[in-house]
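Undergrad: Sequence unavailable; structure follows:
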């Protein structure tokens, strides 16, 4: 078996990023340590959650789960230096790719005006083979990619511009964390522990995974060490990059 393809370091010549994901915890399952690196550099990162993950805890009614998971996500974001977390109120588990979802995401992009947009893997699988991705992740990522372009066109969703809003065509790239087609990455060796702490902040959710013995550090190490090897460092986070132009 040949050596894995090296990852190209991501550009860090930017100041504002917006992370758009389907659920609380999506960023913490791999990308939070990278966010901690960037906020430590003085960059601004905003989180936008399409849902509140209210269908994610089997033994807890959605109305209670919604409140708890929003609280955990705010605490988790604070660990990695993110102050602004928005919950867009869409239904967990049944996100649908389409115009309505693109409209919701385009509005957030126009409002925050990021240079970089982060999302999670939206390929069919996590491993390029058999580890199937989840439907909400796929819908979110596809719609995010399209909404970035929508946000720059004043004739798409023009009602969002009625009160003096402006199109935003300043997004340079979309970065999808954890894609099996990742060719870029970032060194998170110095912030790996903060990424682990950020995932652990989702305590109620994690306690319901499997037999309740989920180990956040072990899980993240299993992802971060291979990415780090491809970068030539101890720990890394891998991203698939979509240039916008």
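TA: Thanks, I have it. Source: prediction; values computed, not measured.

Undergrad: What's the first helix or strand after the worst-scoring helix or strand of the chain on mean pLDDT?
TA: Counting by mean pLDDT, DSSP states H and E, the chain has its least confident helix or strand at helix 203-207, which shows a mean of 92. Next in sequence after helix 203-207, counting helices and strands by DSSP states H and E, comes helix 216-231.

Undergrad: just checking, what packs against that next one?
TA: strand 184-187, helix 192-200, strand 236-243 (3 or more Cβ pairs under 8 Å, 6 or more residues apart in numbering; DSSP states H and E). (Each C-beta comes from the backbone N, C-alpha and C, glycine too.)

Undergrad: Can you tell me which of these is nearest to residue 111?
TA: strand 236-243 (21.1 Å; Cβ to Cβ).

Undergrad: can you pull the buried residues of that closest one?
TA: For strand 236-243, a neighbour-count test (16 or more other Cβ atoms under 10 Å) marks 236-242 as buried.

Undergrad: what is the residue nearest the centre of the chain paired to in the beta sheet?
TA: The chain has residue 119 as the residue nearest its centroid, 3.8 Å off, counting by Cα atoms, centre = their mean. For residue 119, the beta-bridge partners are residue 176 (DSSP bridges).

Undergrad: so how far is residue 49 from it?
TA: Using Cβ to Cβ, to the nearest Å, residue 119 is found at 12 Å from residue 49.

Undergrad: Mutual contacts of these two, please.
TA: By Cβ atoms under 8 Å, 6 or more residues apart in numbering, residue 119 and residue 49 have these common neighbours: residue 21.

Undergrad: so residue 43 touches residue 16, yeah?
TA: Yes. Assessed by Cβ atoms under 8 Å, residue 43 is found in contact with residue 16 at 7.2 Å.

Undergrad: ok so, going back, which one of the helices and strands packed on helix 216-231 lies closest to residue 132?
TA: Across those, closest to residue 132 is strand 236-243 (Cβ to Cβ), at 17.4 Å.

Undergrad: Thanks a lot, see you next time.
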